[in-house]
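Asker: sequence-free structure coming up:
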């Protein structure tokens, strides 16, 4: 076989070298363009700022730096400590076998109202194993307990000294309930006024002055004792709670009565807190919402 001419071979070598040089040139241009389009490294920026000495604003002094805000997660909505009343209640109920006499469903009725209204003024007839719970649920408000048994008050104060409680006396008996109901139907008992100045025999007048001067947002009647004929009964407490609610300047008062399965609590709550103001009954607990009667003159005692 004869070989190709020398001129044809030289031409092919020149073309190959030209294509190779063109390929290298394209690679260099592409690499240069890509590097220019890349963003600066975040680490190198931070390093540049932290090491800069030409602009003092960029590097605040340690004393002037702001603390990091509290992270929000479903488990830690805030970074504040638990309120002392709540902490005390948790420890108290976690270390005792004695539980409140109200059931979970009954307590939930009052707790829902407290959730909306607290911090508020909460008056409770009775001092018991649930008192610390009510104080904790009304954190930031004022919760006051009225108790008939002086010795019991002292016993509770030794364990729970932060509770605000007062000793009160009752001069009625459960067996007088029918006569007191008749008394409550008289015209003087339908007049709305400060219980201290009421002409109604059912109005309690022996509380500390502070109790009458405060407008109570919630009133719980869970005392005095009422389960036997010689006990004081809750006739006066129920009537006075309703009178306090009606006598406030404006707004409304939520009144709760416990043990409405008993005759006195059942009849007196319907008569003097009024079935027309009844909002809910759960188990042995009734919830009434009583508006101020001073805002609108001529409002009937019961709707």
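Answerer: The structure has been received and is ready for your questions. Given the structure is predicted, the values throughout are model-derived calculations rather than measurements.

Asker: got any ranges where the stretch 1-150 of the chain has weak pLDDT?
Answerer: Counting by pLDDT under 70, the stretch 1-150 of the chain contains low-confidence residues at 1-79, 82-83, 85, 87-92, 94, 96, 99.

Asker: apply 80 and report the result again.
Answerer: Under the criterion pLDDT under 80, the flagged ranges of the stretch 1-150 of the chain are 1-100.

Asker: same question for the stretch 201-303 of the chain.
Answerer: In the predicted model, the stretch 201-303 of the chain carries pLDDT under 80 at residues 297.

Asker: all helices of it, in order?
Answerer: Using DSSP state H, counting those that start in this stretch, the helices of the stretch 201-303 of the chain run over 209-213, 235-246, 263-269.

Asker: for residue 253, which of those helices is the nearest?
Answerer: helix 235-246 (3.6 Å; C-beta to C-beta). Yep, even glycine has a C-beta here, placed from its N, CA and C like the rest.

Asker: helices or strands up against the closest one?
Answerer: Helices and strands in packing contact with helix 235-246 are listed as strand 121-125, helix 177-184, strand 218-221, strand 252-258, helix 263-269, strand 285-291; criterion 3 or more C-beta pairs under 8 Å, 6 or more residues apart in numbering; DSSP states H and E.

Asker: point out the most buried one among the helices of the stretch 201-303 of the chain.
Answerer: Of all the helices of the stretch 201-303 of the chain, helix 235-246 has the most neighbours on average by mean count of other C-beta atoms under 10 Å, namely a mean of 26.

Asker: export the helices of the stretch 201-303 of the chain as JSON lines, with columns for distance to residue 287.
Answerer: Conversion of the helices of the stretch 201-303 of the chain to JSON lines gives the following (distance: least, C-beta to C-beta, whole Å):
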{"stretch": "helix 209-213", "distance to residue 287": "22"}
{"stretch": "helix 235-246", "distance to residue 287": "12"}
{"stretch": "helix 263-269", "distance to residue 287": "10"}
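
Asker: which residues in the stretch 51-200 of the chain form strands?
Answerer: Secondary structure of the stretch 51-200 of the chain (DSSP state E, counting those that start in this stretch): strands located at 121-125, 142-147, 164-167.

Asker: tilt between the first one and strand 252-258?
Answerer: This points to strand 121-125. Here strand 121-125 points in a direction 30 degrees away from that of strand 252-258 (axes from the mean of the first three to the mean of the last three C-alpha atoms, to 10 degrees).

Asker: rewinding a little: single out the most deeply packed of the helices and strands packed on helix 235-246.
Answerer: Burial of the helices and strands packed on helix 235-246 is given as mean neighbour count (mean count of other C-beta under 10 Å); strand 218-221 ranks first at a mean of 26.

Asker: can you list the residues that contact that one?
Answerer: Outside of strand 218-221, the residues within contact range by C-beta atoms under 8 Å, 6 or more residues apart in numbering are 110, 113-114, 117, 120-126, 134, 138, 234, 237-238, 241, 244-245, 253-258, 265, 269.

Asker: go again with 7 Å.
Answerer: Residues from elsewhere that reach strand 218-221, judged by C-beta atoms under 7 Å, 6 or more residues apart in numbering: 110, 113-114, 117, 120, 122-125, 234, 237-238, 241, 244-245, 253-258.

Asker: kindly report the same for stretch 116-135.
Answerer: Contacting residues not belonging to stretch 116-135 are listed as 85, 88-89, 92, 98-102, 137-147, 152-153, 156, 160, 163, 165, 214-223, 237 [C-beta under 7 Å, 6+ apart].
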